[in-house]
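Engineer: Pasting a predicted model and its sequence here:
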Amino acid sequence: MNNIDLKKARAVTGAEAVANAMRQIEPHVVAAYPITPQTPIVEYFAKFVSDGVVRTEMIPVESEHSAMSAVVGAAATGARAMTATSANGLALMHEVVYIAASSRLPIVMPVVNRALSGPINIHCDHSDAMAERDSGWVQFYAESNQEAYDLTILSLKLAEDESVRLPVMVSLDGFILSHGVEPVEFLPDEVVKEFIGEPKMIYPLLDTEHPVTYGPLDLYDYYFEHKRQQVEAMENAKKVFPKVAEEFYKVSGRKYDFVEPYKLDDAEYVMVALGSTNSTIKYVVDWMREEGFKVGALKVWMFRPFPKAQIQKYLNGRKGVVVLDRSASFGAEAPLYEAVKSALYNVAIRPQMGSYVYGLGGRDILPEHIRKAFEDALSGNLIADEQRYLGLRE
Amino acid sequence: MPVNLFGLAKTFENRAEDIGLVQGHRLCPGCAAPIVVKFSLMVARKLGYEPVVGLATGCLEVSTTIYPYTAWTVPYIHNAFENSAATMSGVETAARALKKFGVLPKDKKYAFFVFAGDGGTYDIGLQSLSGMIERGHKVIYILYDNEGYMNTGNQRSGSTPTGSNTTTAPVGKVIPGKVQLKKNIVEIVAGHEYVYAATVSISDPNDFFSKIEKSLNFDGPSFIAAFSPCVRFWRIPDGAANSISKLAVETKYWPLYEVENGVYRVTRKPRQFKPLIEFLKPQGRFKPLLSRPDADEIVQRLQEYVDRRWERLLTLEEATKGKPIR
């Protein structure tokens, strides 16, 4: 985690942090529909619009499906267009989420992670974003409010890169981050403006001198090739991201990467996770290190495209790898575990592996739970084909 | 001088590509949809607007943009089936924003059109349409109403008229096809308070043009319901779209009227009406209904229905005269 200068920081919720990133980006168009726990992002931003702090035109759409549809329309004109959502809102968008990616529109969307219905629940898990993991969007997961802010800004530059041109989701844990107050260091407005620059208009819809057709019927003679191009764009996102992260480091002093190793140098047992739980994992790593256990953590910042090479680099040769998932994949392995396990198929020395599902529907994850999972690893009690649960009554 | 047929014909003589939709598309011969599009775009062009069109998934969309070809010479966007109004809300808003930010010239005159079939309007796209109108986007939403899911082979929609034979509500031994009435979409749209809504028919071009012109001049959302015969599934000859449209107007099946801010105006009042059966009989889609022993009774009920609707329309016209909502 990047150190924050408390003298320069303000105590804000994740929602306020993200809304301020949006204020500094000042998109041409924001179309959004309120849903808990994303609502405060839209509320803060609506106030910016209402007070004339930004010139953005806001569309108070009648559903998330229309939010993503309007954003696709706006982005096709070359305008910067954003939205934000959670859970069922994201599920309702699903159809158009795919269209946004295949139309190669560089839309940035904060996703405030919340459990998908049913049963209905408003609290954090990753089932919403995970349901979109094959949609063709780049996906980041933030550990803190600072990261949610930084990644929103950084994502815009990545999305708009000419070799990428893909939409990006910035996931932040519902309530834990969106409503939790943390110190956040904001960049000066002009620094953000300069960092993101002016958008490049590529085939803008409103250029009547050069009319273009967006969204044609694409049958068996071309569809496949277009899908192949999307695969390539995702690969390009992997190439471009380090450059964008480096530029961001120059203006902010904060480093971002595909993954973040924590006390990994001599670690024999490593825990892998997404999002805010990494803070608790780090706390447990420190706690257990004090007792002499060689444990460490690997936070996955970018989940799509999946940073296979980095996962291999950091996990090859470890004794045990424990993967924590805040969502289940019914009838198959949990999504992060499946991806990490698959990445380790080819490494020289495969670690023992264990899958732990935790925190569904906002169930609290405690240091003791995490310690228990580490202890399973330390005692050689990991079974690669077994899914275990933390904090669950059975 | 209002836009008229001869004026437009002269303007676009040998300049077909300037209209916006050109030949080479794969719509059925005799389909009314491209006529609806061309009538609309010609007026916008003639009055100095740059049309930008958004389409809902449907016949018009799949037949005009088979990659790598496009029949559109104006900016075009298709997103999905149910969201053409939301998509164009985004496009129209982006145009305003880009003007505000100084990216586009402030005096650029765009005309934003949606073209959507009845499935994408009455049914799956109704919410998106309602949202667009309620928010007041300056978009002209043009429904080409062929009264069913014709692109996928004649399934029943909320617009399919009573008794029409469709594959999902076929006229059977027990059930006489669709038993419900066609939704009154113009009334639904007019209920949004600040909107210009009208019906048009290709058989009355000058009425059609003047309503497009009104839409362009209206400072808010417009909705045009265009009667759009489907030669394939209405089971009519290739050349019959115009005559069937004419019969629809002459039998009170498709009255030509407009609602502007709550004020109703019937724009065409034929001195004499033809009986509804004259509209039903030439169409194969009503043949199974008309072959039933209870056909006379059903047709009689439908006749009473269109009569009452016409009376109601005249009453609304009288009641709302000079009383706009705003």
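Structural biologist: Structure's in. What do you need? Since the structure is predicted, the reported quantities are computational estimates derived from the model, not experimental observations. Numbering: from 1, shown residues only, chains lettered A, B, ... in the order given.
Engineer: Hmm, B:V52 and B:V114 touching each other?
Structural biologist: No: taking contacts as CB atoms under 8 Å, B:V114 lies outside contact range of B:V52: 10.2 Å. Heads up, the C-betas are built off the backbone N, CA and C, glycines and all.
Engineer: Show me which of those two is the more surrounded one.
Structural biologist: Neighbour tally, B:V114 and B:V52, criterion other CB atoms under 10 Å in any protein chain shown: the higher count belongs to B:V114, 31 against 25.
Engineer: Okay, and that one sits in which element?
Structural biologist: According to DSSP states H and E, B:V114 maps onto strand B:110-117.
Engineer: secondary structure class for B:K323?
Structural biologist: Three-state assignment for B:K323 (DSSP: H, G, I helix; E, B strand; the rest coil): coil.
Engineer: what's near enough to touch it?
Structural biologist: B:G262, B:V263 (CB atoms under 8 Å, 6 or more residues apart in numbering or on different chains).
Engineer: if we go to 7 Å?
Structural biologist: Shown in contact with B:K323 (CB atoms under 7 Å, 6 or more residues apart in numbering or on different chains): B:V263.
Engineer: how about the helices of the chain, start to end?
Structural biologist: Just so you know, I chose chain A. Here chain A has its helices, by DSSP state H, at A:14-25, A:39-50, A:64-76, A:87-102, A:127-130, A:145-160, A:189-196, A:223-252, A:277-290, A:308-315, A:335-343, A:367-378.
Engineer: could you do chain B instead?
Structural biologist: B:5-11, B:33-46, B:59-64, B:84-100, B:126-134, B:185-190, B:205-217, B:241-250, B:277-280, B:287-290, B:295-320.
Engineer: and the second one, what other elements does it pack with?
Structural biologist: Here helix B:33-46 is seen to pack against helix B:5-11, strand B:50-55, strand B:110-117, strand B:140-145, helix B:205-217 when contacts are counted using 3 or more CB pairs under 7 Å, 6 or more residues apart in numbering or on different chains; DSSP states H and E.
Engineer: Between those, which one is closest to chain A.
Structural biologist: Comparing the helices and strands packed on helix B:33-46 by their distance to chain A (CB to the nearest CB), the top pick is strand B:50-55, with 4.3 Å.
Engineer: which helices and strands does the strand holding B:V114 pack with?
Structural biologist: Looks like strand B:110-117 contacts helix B:33-46, strand B:50-55, helix B:84-100, strand B:140-145 (3+ CB pairs under 7 Å, 6+ apart).
Engineer: mind giving me TSV with these and columns for mean pLDDT and distance to B:K10?
Structural biologist: Output for these, formatted as TSV (pLDDT from 0 to 100; distance: least, CB to CB, whole Å):
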stretch	mean pLDDT	distance to B:K10
helix B:33-46	98	10
strand B:50-55	98	19
helix B:84-100	98	30
strand B:140-145	98	24
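Engineer: mind putting those in CSV, distance to A:T152 included?
Structural biologist: Listed next are the helices and strands packed on strand B:110-117 as CSV, based on distance: least, CB to CB, whole Å:
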stretch, distance to A:T152
helix B:33-46, 39
strand B:50-55, 29
helix B:84-100, 19
strand B:140-145, 34
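Engineer: And stretch A:103-123, end to end?
Structural biologist: 32 Å (CA to CA, to the nearest Å).
Engineer: how about that stretch: buried residues?
Structural biologist: A:103-116, A:121-123 (16 or more other CB atoms under 10 Å in any protein chain shown).
Engineer: Quick check: the residue of chain B nearest chain A.
Structural biologist: Closest residue of chain B to chain A, CB to the nearest CB: B:G90 (2.9 Å).
Engineer: Return the residues in contact with that residue.
Structural biologist: Per CB under 7 Å, 6+ apart, neighbours of B:G90: A:V29, A:A31, A:I59, A:S69, A:A70, A:V71, A:V72, A:G73, A:A74, A:A81.
Engineer: Grab the nearest non-local neighbour of the last one.
Structural biologist: It refers to A:A81. For A:A81, ignoring the flanking residues on the chain, the nearest one in space by CB to CB, 6 or more residues apart in numbering or on different chains is A:A74 at 3.8 Å.
Engineer: A:T56 is in contact with the one you found, correct?
Structural biologist: No: between A:A74 and A:T56 there is no contact under CB atoms under 7 Å: 10.6 Å.
Engineer: Quick check: residues of chain B near chain A?
Structural biologist: Chain B comes close to chain A at residues B:50, B:52, B:62, B:65-68, B:70, B:72-80, B:83, B:86-91, B:93-98, B:100-101, B:104, B:127-128, B:130-131, B:135, as judged by CB under 7 Å from any CB of the partner chain.
Engineer: Give me the domain ranges for chain A.
Structural biologist: Here chain A is described, according to automatic domain parsing, as comprising the domains A:10-252, A:259-390.
Engineer: Ranking those by mean neighbour count, which comes first?
Structural biologist: Highest mean neighbour count of those: domain A:10-252, a mean of 21 (counted as mean count of other CB atoms under 10 Å in any protein chain shown).
Engineer: Now do the end-to-end distance for that one.
Structural biologist: Domain A:10-252 has its terminal residues 15 Å apart, counting by CA to CA.
Engineer: same thing with stretch B:282-293?
Structural biologist: End-to-end for stretch B:282-293, by CA to CA: 19 Å.
Engineer: try stretch A:74-81
Structural biologist: Terminal-residue distance, stretch A:74-81 (CA to CA): 6 Å.
Engineer: Run a quick neighbour tally on B:L60.
Structural biologist: Residues near B:L60, counting by other CB under 10 Å: 29.
Engineer: which residues of the chain score low on pLDDT?
Structural biologist: In the absence of a named chain, this looks at chain A. Regions of chain A meeting the criterion pLDDT under 70 cover residues A:1.
Engineer: Not quite, go with chain B.
Structural biologist: For chain B (pLDDT under 70), the answer is B:1.
Engineer: Need the overlap of contacts for A:A74 and A:T56.
Structural biologist: Common neighbours of A:A74 and A:T56 (CB under 7 Å, 6+ apart) are A:H28, A:V29.
Engineer: Nearest the geometric middle of the chain, what residue?
Structural biologist: This is for chain A. Nearest to the centroid of the C-alpha atoms of chain A, with distances taken as CA atoms, centre = their mean, sits A:F140, at 2.3 Å.
Engineer: that's the other chain; I wanted chain B
Structural biologist: Centroid-nearest residue in chain B, with CA atoms, centre = their mean: B:A226, separated by 2.6 Å.
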